[in-house]
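> Build me a structure from this.
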Amino acid sequence: MPLAVVAGSALGLTGCFDLAQNVALHRDGSGSYSVAVSADGVVGGALGRKDSDIDIGDDLKGVTTVKRNGDVTTETKEVAFHDLSDLHLGDETLSLHVAGSEGDATKVSFRRAFRIDHARRRRDEDENHLGHQVLQSMFGGHFYTFAVWLPGRIERIAPVTLGGHSVAPVVWGDASGHTIVWKMPLSDMMMARELDFDVDFAATGSFHDSQSGPARHRHRHRDDS
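Numbering: from 1, shown residues only. All right, here's what the predicted structure looks like:
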């Protein structure tokens, strides 16, 4: 279930939900990618019963988990990757760029670009455009969260701008690495044109330039024997 697919389909849902996406990068360039949707009521009851899938390389298999905490149901889809190029996503791109070295550490730039307007335009072709006030009434009090774990030390975090203001991240970590979390109103995220998350870090390891690819159709084969 790519994040762009969730956002593009959100306008058709009859209930409210919280949306979270997480990326973790290891020192050898491998890592994990996950999307989680949390909801209650009708939407929460439907989670876990849909054919949701992240479009990734055929050699990688995702794991879907569904957890219920009282009235809230959370469906999470997570995949592991050997390299960012293994991921084939929709309207988002993940990339690494090696910027040099400093002693034993490699200086790396991590970037995630989420083209929300692409997903929204596809949805608006079939439905009337929904303005911010309508989205606020539908999704007020619900949030979108993006988190990334990067090894080593953080050198720079570029500002993330949404609706004319900056979204300040929360950062925590230790000598092994750091988690950076951005949280914003779901309605504001859906009205954005594009969100860019840029972080420079330095860590020992084997890093190289890499980038996720565009979404591609996967052919499922059914065994009728």
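
> Can you name the secondary structure element that comes next after the least confident helix or strand in the chain by mean pLDDT?
In the chain, the helix or strand scored least confidently by mean pLDDT, DSSP states H and E is helix 3-10, which has a mean of 46. Next along the chain after helix 3-10, taking DSSP states H and E as the criterion, comes strand 17-25.

> Pairing partners for that next one, with directions?
Here strand 17-25 has these sheet partners by DSSP bridges: strand 31-39 (antiparallel), strand 143-151 (parallel).

> count of residues packed around Phe143?
Residues lying near Phe143 (other C-beta atoms under 10 Å) number 17. Yep, even glycine has a C-beta here, placed from its N, CA and C like the rest.

> And for the one 10 residues further on?
Using other C-beta under 10 Å as the criterion, Arg153 is surrounded by 14 other residues.

> The one 10 residues further on too?
By the other C-beta under 10 Å criterion, the neighbourhood of Gly163 contains 13 residues.

> what sits against it?
By C-beta atoms under 8 Å, 6 or more residues apart in numbering, the residues touching Gly163 are 188, 191-192.

> which of the residues you listed lies closest to Lys77?
Ala192 (22.8 Å; C-beta to C-beta).

> That closest one contacts Val160, doesn't it?
No - using C-beta atoms under 8 Å, Ala192 makes no contact with Val160, being 9.9 Å away.

> could you give the angle of the helix or strand that Ile180 is a member of to strand 143-151?
Here Ile180, judged by DSSP H and E, is contained in strand 177-185. Orientation check (axes from the mean of the first three to the mean of the last three C-alpha atoms, to 10 degrees): strand 177-185 against strand 143-151 gives 170 degrees.

> and the next element down the chain from strand 177-185?
helix 186-191.

> next structured bit after that next one?
strand 195-203.

> Could you dump the contacts of Gly163 into TSV and include distance to Tyr33, neighbour count and pLDDT?
Converted to TSV, the contacts of Gly163 look like this (distance: C-beta to C-beta, whole Å; neighbours: other C-beta atoms under 10 Å; pLDDT from 0 to 100):
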residue	distance to Tyr33	neighbour count	pLDDT
Asp188	23	18	82
Met191	25	18	78
Ala192	21	19	83
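
> Between the residues you listed, which sits nearest Val98?
Ala192 (29.1 Å).

> which residues sit in contact with the closest one?
116-117, 162-163.

> List only buried entries from the residues you listed.
Among the contacts of Ala192, those classed as buried by 16 or more other C-beta atoms under 10 Å are 116, 162.

> Filter the contacts of Ala192 down to the ones in helices?
Judged by DSSP state H, those include 116-117 as members of helices.

> so which of the contacts of Ala192 comes closest to Thr64?
Ile116 (24.0 Å).

> That closest one touches Met190, doesn't it?
Yes - the criterion here is C-beta under 8 Å, and Ile116 meets it with Met190 at 6.7 Å.

> Out of the strands paired with strand 17-25, point me to the one whose mean pLDDT is lowest.
Mean pLDDT is lowest for strand 31-39 among the strands paired with strand 17-25, at a mean of 89.

> buried residues in that one?
For strand 31-39, a neighbour-count test (16+ other C-beta under 10 Å) marks 31-39 as buried.

> List just the nearest of the residues you listed to Gly90.
The closest of the buried residues of strand 31-39, once distances to Gly90 are taken by C-beta to C-beta, is Val35, at 11.0 Å.
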